[in-house]
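Participant: build me a model:
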Amino acid sequence: EWSPALTIRTALLSIQALLSAPEPDDPQDAEVAEMFKHNRELFNQTAKYWSETFANQIKSSNDEKIQKIVEMGFTAEQAKSALEKHKFDETVALNSLLEG
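Facilitator: Next comes the predicted model:
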């Protein structure tokens with residue numbers, strides 16, 4: 001429950017504590033705790049899916065640069081590597097890929 005004494009810092013520390021030390025016997029969500037206790041593999045797969053689906057909603061300009069290069073026929077790994085090597089200068093990275 002929120003109170004005026006609760007700062008963003010303390011809220012984030014509380015969230016960090018909940019995420020780093022799950023307490024399935026005193027859960028925030030009983031259904032998730034049940035899965036954690038009785039089917040850890042399914043729990044891990046579900047957590048991975050939720051993280052990939054819901055934690056990556058905002059695309060950065062770097063992601064857009066990678067996508068543009070991928071659309072030109074290069075792999076995402078090639079695009080990312082070239083962009084990182086050339087400080088995310090899209091033109092220089094693309095030229096380096098085209099030159100081989």
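Participant: the lengthiest helix in the chain - contacts with which helices or strands?
Facilitator: As assigned by DSSP state H, the longest helix anywhere in the chain is helix 40-54. Helices and strands touching helix 40-54, as assessed by 3 or more Cβ pairs under 8 Å, 6 or more residues apart in numbering; DSSP states H and E, comprise helix 30-38. Where you see a C-beta, it was placed from the backbone N, CA and C, and this is true even at glycine.
Participant: flag the shaky bits of this protein, pLDDT-wise.
Facilitator: Applying pLDDT under 70 to the chain picks out residues 1-2, 57-59.
Participant: how is it partitioned into domains?
Facilitator: 9-54, 61-99 (automatic domain parsing).
Participant: output these in JSON lines; the columns should cover distance to S3.
Facilitator: Shown next, in JSON lines, are the domains of the chain (distance: least, Cβ to Cβ, whole Å):
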{"stretch": "domain 9-54", "distance to S3": "10"}
{"stretch": "domain 61-99", "distance to S3": "38"}
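Participant: put the alpha carbons of stretch 52-72 into CSV.
Facilitator: Taking Å, rounded to 0.1, in the frame of the first residue of the first chain, the C-alpha atoms of stretch 52-72 are listed here in CSV:
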residue,chain,number,x,y,z
GLU,A,52,10.5,-10.9,-24.1
THR,A,53,7.0,-9.9,-24.9
PHE,A,54,6.2,-7.2,-22.4
ALA,A,55,9.6,-5.8,-21.4
ASN,A,56,10.8,-5.0,-24.9
GLN,A,57,7.9,-2.9,-26.2
ILE,A,58,10.0,0.3,-26.8
LYS,A,59,12.3,0.0,-29.8
SER,A,60,15.4,2.1,-29.8
SER,A,61,16.7,3.9,-32.8
ASN,A,62,19.5,1.3,-32.8
ASP,A,63,16.9,-1.4,-33.2
GLU,A,64,15.5,0.5,-36.2
LYS,A,65,19.0,0.7,-37.7
ILE,A,66,19.5,-3.0,-37.3
GLN,A,67,16.1,-3.7,-38.9
LYS,A,68,16.9,-1.5,-41.9
ILE,A,69,20.1,-3.4,-42.5
VAL,A,70,18.4,-6.8,-42.1
GLU,A,71,15.8,-5.7,-44.7
MET,A,72,18.8,-5.3,-47.1
